[in-house]
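**Student:** The amino acid sequence is not available; the structure is as follows:
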């Protein structure tokens, strides 16, 4: 018997998926962080180049394989994809161990390149795993618990990211020069994750007839034609555009904010080390870990889009506070946690909407396309960040440090000495004429000085050398990517050492003599503006999303009002078309019933209610806001043809805009049947019957069900539509909870 979506979060398949994806995300970030530190420790890459290169290696496969990953997720069982890629994770861990076993030196960097290739492989693993993971959720869970499941999925994903990043950095420090044990640790976790994936029940292929041909010398356009087709599908659906656009902005903002926090850490005086910066960045994930499950729970049994504005407003306020109080690390960390908390309210409904409303035969494909858009958003965030940095330099917001002088010019007498974080702590430069100048960055007492025997007895030389040696200063390292790939600076290389003072702290900058000096800027104030800019960009996306769904705030106010009053779930939302105008024939006669219907739809919905409808909903803002954005009032029984014509114009405007028009058909005939016939003929909109009401009206907290029937025949009469709504009501009240299954 084929697997049926479960009505509980404790079912074996969901638990297996959560454990498998948690360990996948954990290993993704652990390998990412560990490979970065390994490249820095071994001198293959500088810190700046490692931080730049690793995300490229990890995220490039998301764009390269977006069409193939979506095809595999839909063409074959998602269970096979999930298990197969979890098993591949074991193989990637073995590649990692091989790189550590071979080892790395400046003369033979092959081991480090194998380790970094594992980052690309894990990026490919994530690119193929994500469409199967997100696409499988609607097949594993019933619609009424999909939001809760996504809350758990998102919280564990971010928790895996924070723990994986910290764990990767910790192991890098703990097993310095003995990194093979890092690989062994990750291999064990990969084996556990692979075992957990076997708990996932067999899920039938969503589109087994789909073909994806790969031919020799095939044009690149043909390979990415599915991406183009998927983008067209997304753009035709208002619901999918809303979800994909919102998710892409979130990925954009995560990338932008991470870069801003890293810049803030580097602008501190003295600078934050990598561990402190990583922990501050990771505090966002702590907030997501709490906010996402709560958002899933508060969504009830539906896609609660009313949470999205709450998430946006919370992020805006917390980001603005973080910008104003950025110099107070405690306040900054609390603000970042709050940002993460409200981002859960923002993300859970949007991911649930994407999973629920994507066509069944192409869920994996559309998730993969969404991932491609997300990578594009991350790239755009990186470009914007760099442009803003350049603008700050040109405008003088970040002042240039002008007093940069040369402390030494010569050749390296010894290889640069670095600490376990890859930072230079000791550099010895032979400046000629038997002079050796030592630059030491340690804060403790320097080690004994090794003075060459032929250095002479000149007291002036010895005094100057000791003075430079004992000055505890911060040493930074300038090196471009091409020099890094060749192994970096080493003994005998010509170098120039510059020195400057920034806000009372002295710095040395060491560069190859062939490399031009880079300008030095004081970035202390810039992170404040970057955070405030992030708040303004979030205001912008909220306004943009509100244009896509004008009744956003009505949904939010109604959600707040419904807390503790009743539980609303949708049934049969799949019967509601995702594109084009649709007329909903419903039994809703009051403002409260109409808003219950609106709350479960995922498109802008206008509700046509009887004349003098009941406005008693208890919240003044709803009574005043709903008529402006959501409700159209029918004329009364004695209304003229002109009154119906005015209503007709409003209805046509909504339907021609591709929105939904919900019409109450229980308020008497009058000119209603004629009105419906004219509207449907003019707009070619299908008519879907909808029942909205409680399963048991006597319950203290009623369980409200909004049931969408199948599209009626074009010539169906008003009486036939009413009969179908009554049938839906009887079915839901007879079967109760079982009617949703």
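**Tutor:** Perfect, thanks for sending it. Every value quoted in this text rests on a predicted model; they were computed, and no experiment measured them. Numbers count the residues shown, from 1 in each chain.

**Student:** Distance of the residue nearest the centre of the chain relative to residue 380?
**Tutor:** With distances taken as C-alpha atoms, centre = their mean, residue 251 lies nearest the centre of the chain, 3.9 Å away. Here the criterion is C-beta to C-beta, to the nearest Å. By it, residue 251 lies 10 Å from residue 380. For glycine as for every other residue, the C-beta is placed from the backbone atoms N, C-alpha and C.

**Student:** again, but for residue 232
**Tutor:** With C-beta to C-beta as the criterion, residue 232 and residue 380 are 21 Å apart.

**Student:** where do the helices sit along the stretch 601-741 of the chain?
**Tutor:** For the stretch 601-741 of the chain, the helices defined by DSSP state H, counting those that start in this stretch cover 620-629, 641-656, 672-683, 718-735.

**Student:** and residue 172, how many neighbours?
**Tutor:** Number of residues near residue 172 (other C-beta atoms under 10 Å) recorded here: 24.

**Student:** Helix, strand, or coil at residue 391?
**Tutor:** Classification of residue 391 by DSSP: H, G, I helix; E, B strand; the rest coil places it in helix.

**Student:** Looking at residue 232 and residue 380, which one has more neighbours?
**Tutor:** residue 380 (15 against 9).

**Student:** Give me the nearest residue to that one, chain neighbours excluded.
**Tutor:** Closest residue to residue 380 apart from its sequence neighbours, by C-beta to C-beta, 6 or more residues apart in numbering: residue 252 at 6.1 Å.

**Student:** Could I get the contacting residues of the one you found?
**Tutor:** Residues counted as contacts of residue 252 (C-beta atoms under 8 Å, 6 or more residues apart in numbering) are 377-378, 380-381.

**Student:** Would you map out the domains in this structure?
**Tutor:** According to automatic domain parsing, the chain comprises the domains 1-202, 222-396, 405-512, 550-740.

**Student:** Can you tell me what sits against stretch 189-203?
**Tutor:** Applying C-beta under 8 Å, 6+ apart, the contact partners of stretch 189-203 are 2-3, 12-13, 15-17, 19-20, 22-24, 26-27, 77-79, 82-83, 86-87, 89-90, 92-93, 136, 139-140.

**Student:** To clarify, my last question referred to stretch 366-374.
**Tutor:** Contacts of stretch 366-374 (C-beta under 8 Å, 6+ apart): 62-63, 66-67, 69-70, 73, 127, 130-131, 134-135, 227, 230-231, 233-234, 240, 243-244, 247-248, 251, 354-355, 358-359.

**Student:** Restricted to helices, list those residues.
**Tutor:** 62-63, 66-67, 69-70, 73, 127, 130-131, 134-135, 227, 230-231, 233-234, 240, 243-244, 247-248, 251, 354-355 (DSSP state H).

**Student:** which of the residues you listed count as buried?
**Tutor:** For those, a neighbour count by 16 or more other C-beta atoms under 10 Å gives the buried set as 62-63, 66-67, 69-70, 73, 127, 130-131, 134-135, 227, 230, 233-234, 240, 243-244, 247-248, 251, 354-355.

**Student:** Could I get the contacting residues of residue 353?
**Tutor:** Counting by C-beta under 8 Å, 6+ apart, residue 353 touches 239-240, 242-243, 303, 305, 602.

**Student:** Tell me which of the contacts of residue 252 fall in strands.
**Tutor:** The members of the contacts of residue 252 all map outside strands under DSSP state E.

**Student:** so which pair among those residues is furthest apart in space?
**Tutor:** 378 and 380 (7.3 Å; C-beta to C-beta).

**Student:** Count residues in the vicinity of residue 657, would you?
**Tutor:** For residue 657, the tally of surrounding residues (other C-beta under 10 Å) stands at 12.

**Student:** show me the contacts for it.
**Tutor:** So residue 657 contacts 581, 604 (C-beta under 8 Å, 6+ apart).

**Student:** Need the pLDDT of it.
**Tutor:** Per-residue confidence (pLDDT) for residue 657: 85.

**Student:** Kindly report the same for residue 152.
**Tutor:** For residue 152, pLDDT reads 89.

**Student:** any idea which helix or strand carries it?
**Tutor:** Here residue 152 is covered by helix 143-174, with elements defined by DSSP states H and E.

**Student:** which residues in the chain form strands?
**Tutor:** Counting by DSSP E, the strands of the chain are 405-412, 417-418, 424-432, 435-440, 474-477, 494-502, 505-512, 567-571, 582-586, 605-609, 631-633, 660-664, 687-694, 703-708.

**Student:** Compare the ones you listed and give me the one nearest residue 180.
**Tutor:** Checking those against residue 180 by C-beta to C-beta gives strand 417-418 as the closest, at 20.9 Å.

**Student:** what lines up beside that closest one in the sheet?
**Tutor:** Taking DSSP bridges as the criterion, strand 417-418 forms sheet pairs with strand 424-432 (antiparallel).

**Student:** Relative to the whole chain's centre, how far out is the strand it pairs with?
**Tutor:** How far strand 424-432 lies from its chain's middle: 44 Å, per C-alpha atoms, centre = their mean, to the nearest Å.

**Student:** Just the buried residues of it, please?
**Tutor:** 424-430.

**Student:** Quick one: work out the angle between it and strand 505-512.
**Tutor:** 60 degrees (axes from the mean of the first three to the mean of the last three C-alpha atoms, to 10 degrees).

**Student:** pLDDT on strand 424-432, on average?
**Tutor:** Per-residue scores along strand 424-432 average to 80.

**Student:** Just want the angle from that strand to strand 405-412.
**Tutor:** Interaxial angle of strand 424-432 relative to strand 405-412 (the same axes, to 10 degrees): 80 degrees.

**Student:** i'd like the first residue to be 660 from this point on
**Tutor:** All right, first residue 660 from here; so that's strand 1083-1091.

**Student:** about what we covered before: tell me the buried residues within the contacts of stretch 848-862.
**Tutor:** Neighbour counting by 16+ other C-beta under 10 Å classes 672, 675-676, 678-679, 681-683, 685-686, 736-738, 741-742, 745, 748-749, 751-752, 795, 798-799 among the contacts of stretch 848-862 as buried.

**Student:** on that earlier part again, out of the domains of the chain, the one nearest residue 1187 is which?
**Tutor:** Of the domains of the chain, nearest to residue 1187 by C-beta to C-beta is domain 881-1055, at 5.0 Å.

**Student:** Distance to residue 1330 added to the strands of the chain, as a markdown table?
**Tutor:** Shown next, in a markdown table, are these (distance: least, C-beta to C-beta, whole Å):
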| stretch | distance to residue 1330 |
| --- | --- |
| strand 1064-1071 | 88 |
| strand 1076-1077 | 83 |
| strand 1083-1091 | 84 |
| strand 1094-1099 | 89 |
| strand 1133-1136 | 79 |
| strand 1153-1161 | 77 |
| strand 1164-1171 | 80 |
| strand 1226-1230 | 30 |
| strand 1241-1245 | 15 |
| strand 1264-1268 | 12 |
| strand 1290-1292 | 14 |
| strand 1319-1323 | 12 |
| strand 1346-1353 | 17 |
| strand 1362-1367 | 26 |
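
**Student:** give the contact list for the closest residue to residue 1324 other than its chain neighbours.
**Tutor:** Distance criterion C-beta to C-beta, 6+ apart; nearest residue to residue 1324, sequence neighbours excluded, is residue 1244 at 5.2 Å. Contacts for residue 1244 (C-beta under 8 Å, 6+ apart) come out as 1322, 1324, 1335, 1346-1349, 1371, 1380, 1384.

**Student:** Much appreciated, bye for now.
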